[in-house]
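1. give me a model of this one.
(one chain, ligands or ions: 1)
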Amino acid sequence: MHEPEAIELRVVRLPLVTPFRSGHATRTHREVVVVRALVADGPDGWGECVAEVEPTYWPEYTAGALHVLQHHLVPRVLAGAPLQEVRGHHMAKAALEVALLDARLRAEGRSVADFLGADRTEVSTGIALGITETVEELVDTALVWCRQGHRALKLKVTPGWDAVPARAVRAAVGPDVALLVDANGTYRSDFPGHLAALASLGSLAAPPLALVAIEQPFPPDDLVGHVALAQQIDVPVCLDESIGSLADLDTALGLGFRGAVNLKVGRVGGLLEAHRIHQRSQDEGLDLRAGGMLETGLGRALNLAVAALPGCTLPPDLGPSTRYFARDITPPFHDRDGTLTVPRGPGLGVEPIEEVLDEVTENQLILRAGE
Ligand code: MG
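-> Residues are numbered from 1 along each chain as shown. Just a heads-up that it's a prediction; the model follows:
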């Protein structure tokens, strides 16, 4: 592997086209750490840290990720020490791992999709719809996306905003659109009212809501609650925030979990761990879906490669770039009737546009080996 001679860290901040509200946060901007591995004898590699500004989805957050990268992770990489010496900080580690891998694969002329074993050339989109002021606003937004050819929608839900908006969207879009809901851990497995709401969402009886999955109803550490719910409802429970590693998945399986897993490279600490989780899920017959974190084009390219893996059988969190940003740091991804092409160029297959990257960079530093 080409050793990096330096690592560049940038905090970039992009306005979202529309504010995005989930059960735990409202976002108007996306601020991420972009990692660039500078290699003396080969092309640079790029990675994106998907931590958000506040630690409400996951314990990591942008400023913390920048700190741990600068003071603990990058110095180890530049000294040839293993990242595993540092506990946690999965999103920061993943960004660095992806940047290093991207540099290597670019030098080899090989795509990340090929490296991972992705067997599809294109993937269907899945549009995540946040919580809105009114049900009518949500339905109108859902219809706009469906009219543009998108065939899968994920609705953010939270106690008090679940069955009514979900049924309204189902009635409006008809039976052929795949519909998922994602609670981001905002229900409690010890609240009877919450269990009743989830039982209603998870029933295949009339009226036909027919969800593909209910994602992360309970807090991350409530594996027992998730396993019990999965045994009680007809619709698969999908674990997102509960799975930070292959060991977490094995714990869930050991408790008897049957259902689905949201696969996010950042959350699990890198591509290699994501690949192990993909393998275990396939071996155990669990469905996977490629998750998203409102990534820039760098992360979107990576997510497209993940979504093209054979085990990713459920709709992903993947939309065209215009869903998120008026202007992305990479050339935009456009869909064709709800289908996106998986990049097959070297590495991630996309690179930032330097002028745009410079314009949206809030903070930049370069760390060199031996300094
Ligand atoms: Mg989720």
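2. please enumerate the strands of the stretch 201-350 of the chain.
-> Using DSSP state E, counting those that start in this stretch, the strands of the stretch 201-350 of the chain run over 213-215, 237-239, 260-263, 287-290, 339-341.
3. let's have those strands in a markdown table, adding distance to the ion and mean pLDDT.
-> For glycine as for every other residue, the C-beta is placed from the backbone atoms N, C-alpha and C. Output for the strands of the stretch 201-350 of the chain, formatted as a markdown table (distance: least, CB to the ion, whole Å; pLDDT from 0 to 100):
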| stretch | distance to the ion | mean pLDDT |
| --- | --- | --- |
| strand 213-215 | 5 | 97 |
| strand 237-239 | 8 | 98 |
| strand 260-263 | 5 | 98 |
| strand 287-290 | 9 | 98 |
| strand 339-341 | 19 | 97 |
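4. redo those strands as JSON lines? Include mean neighbour count.
-> Listed next are those as JSON lines, based on neighbours: other CB atoms under 10 Å:
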{"stretch": "strand 213-215", "mean neighbour count": "27"}
{"stretch": "strand 237-239", "mean neighbour count": "27"}
{"stretch": "strand 260-263", "mean neighbour count": "26"}
{"stretch": "strand 287-290", "mean neighbour count": "24"}
{"stretch": "strand 339-341", "mean neighbour count": "17"}
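5. take those strands and write them to TSV, including distance to T251.
-> Output for the strands of the stretch 201-350 of the chain, formatted as TSV (distance: least, CB to CB, whole Å):
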stretch	distance to T251
strand 213-215	18
strand 237-239	11
strand 260-263	13
strand 287-290	17
strand 339-341	33
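6. can you tell me which of these is nearest to A301?
-> Closest to A301 of the strands of the stretch 201-350 of the chain, according to CB to CB: strand 339-341, at 10.2 Å.
7. contacting residues around whatever helix or strand comes next after the closest one?
-> Counting by DSSP states H and E, the next helix or strand C-terminal to strand 339-341 is helix 354-360. Contacts to helix 354-360, defined as CB atoms under 8 Å, 6 or more residues apart in numbering, come from residues 10, 12-14, 34, 327-329.
8. now do the SS call for A142.
-> Using DSSP: H, G, I helix; E, B strand; the rest coil, the structure places A142 in helix.
9. setting aside sequence neighbours, what's the nearest residue to it?
-> Leaving aside its chain neighbours, A142 sits nearest to V169 (4.8 Å; criterion: CB to CB, 6 or more residues apart in numbering).
10. so where does that neighbour fall, helix or strand?
-> helix 163-173.
11. off-centre distance for the helix or strand just after that helix?
-> Next helix or strand after helix 163-173 toward the C-terminus (DSSP H and E): strand 178-182. Relative to the centre of its chain, strand 178-182 is centred 15 Å away, using CA atoms, centre = their mean, to the nearest Å.
12. now strand 178-182 - C-alpha only, CSV.
-> The C-alpha trace of strand 178-182 is given here as CSV (Å, rounded to 0.1, in the frame of the first residue of the first chain):
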residue,chain,number,x,y,z
ALA,A,178,-42.1,0.5,-1.3
LEU,A,179,-42.6,2.2,2.1
LEU,A,180,-40.4,2.0,5.1
VAL,A,181,-40.5,3.9,8.4
ASP,A,182,-37.5,4.9,10.6
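13. just the angle for that strand relative to helix 163-173, thanks.
-> 160 degrees (axes from the mean of the first three to the mean of the last three CA atoms, to 10 degrees).
14. I am finished for the moment; much appreciated.
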